[in-house]
Structures are given as structure tokens and as C-alpha cells.
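S.K.: Next input, structure requested:
(chains A and B)
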Protein chains: 2
Amino acid sequence: MENFRFYNPVKIIFGKGAENNAGKEITRYGQNVLLVYGRNSIKQSRLYEKILYELQKAGIKVVEHPGVKSNPVLQHVKEGIEKAIKTKCEAVLAVGGGSVIDESKAIAAGVKHSGDIWNFFEGKSKITGALPIITILTLAASGSEMNAGCVITNEDTRQKFSAHSPHLFPKVSMLNPELTTSVPGDYTAYGVIDAMSHVLEGYFSTKTDNAFITDELCEGICKTLIKSMNILKNDLTNYAARANVMWSAALALNSLQRLGYKNTEFINHAIEHSLSAIYDIPHGAGLSIVIPAYMRFNLEKGNFKRIAHFGKNVLGINTTNEEKAASETVRRIKEWFSEIGSPVTLKEVNIPSGDIPDIAENAMATVKAWGMSYARRSIEEILKYSVA
Amino acid sequence: MENFRFYNPVKIIFGKGAENNAGKEITRYGQNVLLVYGRNSIKQSRLYEKILYELQKAGIKVVEHPGVKSNPVLQHVKEGIEKAIKTKCEAVLAVGGGSVIDESKAIAAGVKHSGDIWNFFEGKSKITGALPIITILTLAASGSEMNAGCVITNEDTRQKFSAHSPHLFPKVSMLNPELTTSVPGDYTAYGVIDAMSHVLEGYFSTKTDNAFITDELCEGICKTLIKSMNILKNDLTNYAARANVMWSAALALNSLQRLGYKNTEFINHAIEHSLSAIYDIPHGAGLSIVIPAYMRFNLEKGNFKRIAHFGKNVLGINTTNEEKAASETVRRIKEWFSEIGSPVTLKEVNIPSGDIPDIAENAMATVKAWGMSYARRSIEEILKYSVA
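M.R.: Numbers count the residues shown, from 1 in each chain, chains lettered A, B, ... in the order given. Predicted coordinates for the structure are as follows:
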């Protein structure tokens, strides 16, 4: 078990009506708030009106910053920063999924920074402060509601990069599973796969296998996500299943999932970020294409021990032959991703196999930024397993 | 899944040499620290010298408060408060196990309070502030290093009561598994059983069974504790096993273990607190007597569903007959507690069965303080299953 540090001061308010605390929570930080949200979904669900009412009741002035895209872009972040500075916002309220929260974090940090904020994402500047961030989550997936990272896409350079800082921890995140009930089946599946991927990255790549407790946590999160998604497949309104997915997704990327692991990598994300940066596909859909390919790649290289471990403890695959168990694990994961309505090949999302060299080239920037040792050739090899 | 709130801002520094950060961490809060510790163990292990050296290097003035008992007592807490006020301590450094940390918390809160601090424990006063608390853990068991509670014994009234407040969260806890290597086998087992009990209380008593993710976390903690203790039984110096026990014990009572559960009780602790308050036996040893009795009591009352669930998922007991599975679970848990060197009957710790009415009477104060609905008769009934 490797040495580690853990610190996560996010206050979670979880359950029915959680969002009703918005007014009370925000007034701890200021009376002027930048309200960040996406396109129309929070208006369709009337969540928008409800929140405006709560804020008004608490005497909070609202500056709106709508229109966040599902892979949030730098230009829109910059507009948000300008707006927040001009109107002297004292806090940022994100209402939406991971994209809205990530953009809110970038805006909150940008307000406290005089230079180009893309420097945060290229590792050229350090985040030294941020406006207080408060979130109301409407999609269980990214875990951004309980961590200190954010991912932004630079449209000009086609780069999807991340930034991290303790200043980016939300002060409070309100998680009401009922707000996720209207998410359609495919996006529910993408969210589940995204959450699962956050656990799998470290679980598969760790160079130690004696962080028993972290293995148990990761396996427990995956078992819960699978069990809950299998319920939601037939009944998108099941509250317990929505609640378990929502809390599992937060736990899946709040750091607990990698404590004691050694030299973990985030290679599936590095590759997927290129897919969604170039083709603008949903992040979870991209992951569902990359993960089985990455597993297959490892299998062929003889790295099947951790995959077999997962198969045994999560899927109940029982065999004395580890390689066979690992192979069966890959097959079943891929099959299950399909079953719940997520693509597992590039073909399904109309990405031509001829683009693989370009995708790999794009991914290399992230590979380098995250300090991983993958060669471009290896990434191409992984992607080849995802063609069809 | 029930609504919940979660907030835990404790910074954890985990691994080899963690305690070397003491100087740097304490100087964030002040230059005058009250050093709280127990009897001789930190001197025998030379940890005492090492820490004094670290603090001296950081220019920190130390006021010592040694002599904390394993069930820390009110009188000694009061002496600590006086000392801290008189010498203008700005922070409290706890070096030891749960007892030392609990006493440090009580002192830290007491310094900021003008009235009788026992009022905190009787629920008559609210904790409104505390000196910053920093801990260096030497025994994995109580979880106090990562939570906001403390338990103190009033020697005059023979009451072992608890107090809670967000002010009691340690600012930073340094967890070096190597510091627990010198803990002998029996106390290692008591610690493991204490940690396990923190998970079992909620797991067995919850009125819902759809907090899948919390069940998984609880089961994962117990599986890890059992697996690690089985290694330590034969090799007390195994680092990975010590590390897994240490981190599992922190996770076992940092609130994650009960999120989404409904109307949970802490009845095993209510009864055990009376055993250790009256007979001064180790807390974990007391729990190891009470838990199997409590499980048996539930079995006889027909409440075997959660026990069977545990047996299936943690011990791998596979049967279609739930009652039989639960019965086998109780038998195995009791047998395992014995195997690892912990008592499972009152007789083994020389408590006469004739004392049961007195013990139950004593426990009723805690039952009431914690808002549980157990009758004295039920507690006597539970204790009768622990006679021999």
C-alpha cells in the first residue's frame, strides 16, 4: 500500500429536496451569484424556476450564464469570467451535470486570475484562488461535484485538458436523485460508464495489489453501478437505483478510489478526451468504446491479472485460469455496455478507422500533460481494437 | 435510500514517515502546542523523542500532558484544559490511539468553554469552538482520527458518554502504519473488532436495505479487516496488513459507513460503554463479547435478514435458507473473534452474570442519551447470551 494524502472538504446535501438549501447555503458566501447552466433541460423540468424562487427568497441577486455545452469550451468560460467580474459576483452556482460544474470551476478560478486561463490547463500557471463554488447536480456521472478538477475544451486547438486545485472543491454540492429521473436511458448509461471508468482507470493500472480496502471500494462502486443500471434499464424512475448511481458516481472520483494504489494511469480518459474533443460525442459514450479496447490491449500484452481480479470479484467469474477469466471479463463488460445502450465501436459513432492516427496524435498531448509513458503506437493499437 | 448530509474536512497524511509532517502542519495553527499522550508506549518506541525533535526543529513550544488512560477520564481532561489555558496553547497534538485523541478533543473544546464540560456529554451544552486538533495515530481502532466525536468516562458517576461537534474534526491526522507494528496481538484484535463494530452497528440495524453502495462499503471494510487480521495473526509486522487495517478503521467511522441507512442504532456500543466504564476492560474486548450476543438476540427475535446478508456477502455463506445462514454467520463471527484472541463471554473477563441487571441499568443512561428505544429488559436479554 503506497503512501497517500487525502483531503476532501466538500459538504454534501443528499436526497429529496436537497436543492431547497440553495438560498441558505449561498448566503454564507455572498449576495451576488453567477448562475451557470446548460441549454434547456433545467427550464423544461421547471428546476430553473424553483431555484430562482429559492434565491430570490434568500435575497440573492442572480446573473445568468446559460448555454454551457456538453463538452464545455474555453470561449464560453471566458465570457462567464467577464460577466462575473463585471457584475461583481461573489459566488458561482452550477446547476447541471459535470460539464456545467467544470465550466463553473474554470470561471470561479478565472475571476481570481489576471492572465490567460488556458495556462491553468497547460500547466503553465497555478490556480491560486477561486470564487466559492456551489453545485446542484442533475446528472450522475463526472464526480466533479465532489472533487477539485475540471476539464475544458479549447475549440481552437482541439485540446480537451484538465486543471486541478484545492480551490476548485465545491463548498457545497446538493444531490437530489429525483433531478436525474428525467435523464433518458442512453445518457443514464453514459453517466454510469463514466463513473465506472473513474474507478477502473486506477484499479486496472495500479502496480500494487495490496490496497485491499481500495480494491473493495472500487469493486463495491462497480457492483452498485451495474446493479442499479440493470434496474434503471427497465424503470428509469426507480428512486433507489437513481440514488445509488448518484452517490456512487460522487465516490468514484473523490480520490478515495485510488488511495494506496501505485503509479496509476488515466489512459482511457486521455484517449477519450480526443474523441470528444474532435467529434463532440458524449464523454461516457467515448469511454464505452475505449475501455473494452484498452482491456483487450492489456489482455494481448499478458496484463490480465487485475482484469481477472475484477471479473472474479465484481462479475462472479469463477475459474482457476486467470487468462480465461480475464478474457471472459472483457467480453462481458463490452456486452453489458451494449446492452445498456452505449456504443462499443468507433463504427457505431461514425468515426472512420482511418482517423486513428490523428486521434492518437491528439491524445499524445494529454498523455504528456498527465505524465504517462504511452507511445503513440500503443494508443493506435488500443484504438484498433475498437474499430468494430 | 434515506436523505443524508456528509462533511468531513480532515486532512489525512498516510504512510511511512507521515509523522514527520507534524512540525510543518502544527505551525499553520500556532507555536504553542499541548502534547497529549498516554503512558509509556510512545517513549518505549522512541516516537516521543522523534516528535519532540520535529517540533523543536519547527520552533514549536511544547507543554506536555501525559498519562491518558485507555478509557479516558473526565478529571484528567479537566487537568489538560487548565494546563492548556494557563500556558496559552494554540493547538492540541494527540499522539496515541483513540483514547488519546478523544481526550485531546475534549480538552480542545473545553478550552473554549467557560462552564462544566461534562455538560457537552450530557447534552446540556453545545460545543461552540475548539483549539485546532492534530493527531498522530498509533493504534488502528476508534476512527476518532477522522471524525467529530469523542467519548469520555466520568469516574464519579461511572458514565461513559460521547460528545459530537464539527469543531472536533482534527485539522490533520498523520497515519503511519509502521507505528502500529508494536501493538501486541490481543490489542490488534481489539482494534479490528472495534473498527468492525462501527460498521456493523448501522449495517445490522438499518430499516432500509436499498443503500446498496453503503452496504458494499461496509462489507468491503469488514472483508478487509478479516483478511488483514488473518495475516497479522501470524505476522504482526506485515506492513500491507497494518496499512489496510489502519485505513479501514478510519473509513469505518467517518460517516460514510452509514449514509442512506435509516434509523440506525448504536446499541452494542451503549452496552459496551457500561462494561468498560464499570470494569475498565478494553473497549474492543467488550464489543467482542456484546456483538455475538446482540446478533443471537436478533436471531431469536426473527431479525435475521441483515445478518444473513452479511454472512453471504462477507463470509461467503451460501444457502437458500436465510435463518440458517444467519445462525451460521453468528457462529462464525464468534468463533473468529475467539480465534484472533478476543474474549466472547463475560466469564472470560471475570464479570459475574449476577451483575447483568446493574450493567443494563448503567447502559440505560446511554440508551436514553442516544435516543434509542431499548428497554432495560432487552439489554439484560442481550447480555444473557454473553454469559458463557
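S.K.: tell me the SS of A:T135?
M.R.: strand (DSSP: H, G, I helix; E, B strand; the rest coil).
S.K.: Who are the contact partners of it?
M.R.: A:L93, A:A94, A:V95, A:I101, A:S104, A:S144, A:E145, A:P170, A:V172, A:S173, A:M174 (CB atoms under 8 Å, 6 or more residues apart in numbering or on different chains). The C-beta positions use only the backbone N, C-alpha and C, and glycine is treated the same way.
S.K.: Between the residues you listed, identify the one with the most neighbours.
M.R.: With neighbours set by other CB atoms under 10 Å in any protein chain shown, the maximum within these is found at A:S104, which has 35 neighbours.
S.K.: three-state assignment of that one?
M.R.: Classified using three-state DSSP, A:S104 is helix.
S.K.: before we move on, back to that, now intersect the contacts of A:T135 with the strands, please.
M.R.: A:L93, A:A94, A:V95, A:V172, A:S173, A:M174 (DSSP state E).
S.K.: so how far is A:I152 from the spatially closest residue to the second one that is not a sequence neighbour?
M.R.: Computed as CB to CB, 6 or more residues apart in numbering or on different chains, the closest residue to A:A94 that is not its neighbour in sequence is A:S104, at 3.7 Å. Counting by CB to CB, to the nearest Å, the gap between A:S104 and A:I152 amounts to 11 Å.
S.K.: same check, this time on A:K233
M.R.: In terms of CB to CB, A:K233 sits 32 Å off from A:I152.
S.K.: These two - which one has more neighbours?
M.R.: Per other CB under 10 Å, whichever of A:K233 and A:I152 has more neighbours is A:I152, with 25 against 16.
S.K.: mind checking which helix or strand that one is in?
M.R.: strand A:149-154 (DSSP states H and E).
S.K.: list the helices and strands that strand packs on?
M.R.: helix A:74-86, helix A:98-111, helix A:118-121, strand A:159-164, helix A:267-279 (3 or more CB pairs under 8 Å, 6 or more residues apart in numbering or on different chains; DSSP states H and E).
S.K.: Burial-wise, tell me which of the ones you listed comes out on top.
M.R.: By mean neighbour count, with neighbours taken as mean count of other CB atoms under 10 Å in any protein chain shown, helix A:98-111 ranks first of the helices and strands packed on strand A:149-154 at a mean of 29.
S.K.: Render the CA-only coordinates of that one in CSV, please.
M.R.: Only the C-alpha atoms of helix A:98-111 are listed here, as CSV (Å, rounded to 0.1, in the frame of the first residue of the first chain):
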residue,chain,number,x,y,z
GLY,A,98,-20.3,17.6,-14.9
SER,A,99,-19.9,20.0,-17.9
VAL,A,100,-21.8,22.8,-16.1
ILE,A,101,-19.8,22.2,-12.9
ASP,A,102,-16.5,22.1,-14.7
GLU,A,103,-17.2,25.3,-16.5
SER,A,104,-18.3,26.9,-13.3
LYS,A,105,-15.0,25.8,-11.6
ALA,A,106,-13.0,27.3,-14.5
ILE,A,107,-14.9,30.6,-14.3
ALA,A,108,-14.5,30.7,-10.5
ALA,A,109,-10.7,30.3,-10.8
GLY,A,110,-10.5,32.6,-13.8
VAL,A,111,-12.1,35.5,-11.9
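S.K.: orientation of it relative to strand A:159-164 in degrees?
M.R.: 70 degrees (axes from the mean of the first three to the mean of the last three CA atoms, to 10 degrees).
S.K.: Which elements pack onto helix A:98-111?
M.R.: Against helix A:98-111 (3+ CB pairs under 8 Å, 6+ apart) you get strand A:32-36, helix A:74-86, strand A:91-96, strand A:133-137, strand A:149-154.
S.K.: The same query, at a cut-off of 6 Å, please.
M.R.: helix A:74-86, strand A:91-96, strand A:133-137, strand A:149-154 (3 or more CB pairs under 6 Å, 6 or more residues apart in numbering or on different chains; DSSP states H and E).
S.K.: residues in contact with it?
M.R.: A:36-38, A:68, A:70, A:72, A:77, A:80-81, A:84-85, A:92, A:94, A:117, A:127, A:130-131, A:133, A:135, A:141-142, A:144-145, A:150-152, A:168 (CB atoms under 6 Å, 6 or more residues apart in numbering or on different chains).
S.K.: Next: stretch A:266-280.
M.R.: With CB under 6 Å, 6+ apart, stretch A:266-280 has contacts from A:71, A:153, A:158, A:160, A:197, A:201, A:281, A:283, A:286-287, A:290-291, A:294, A:351, A:359, A:362-363, A:366-367, A:370.
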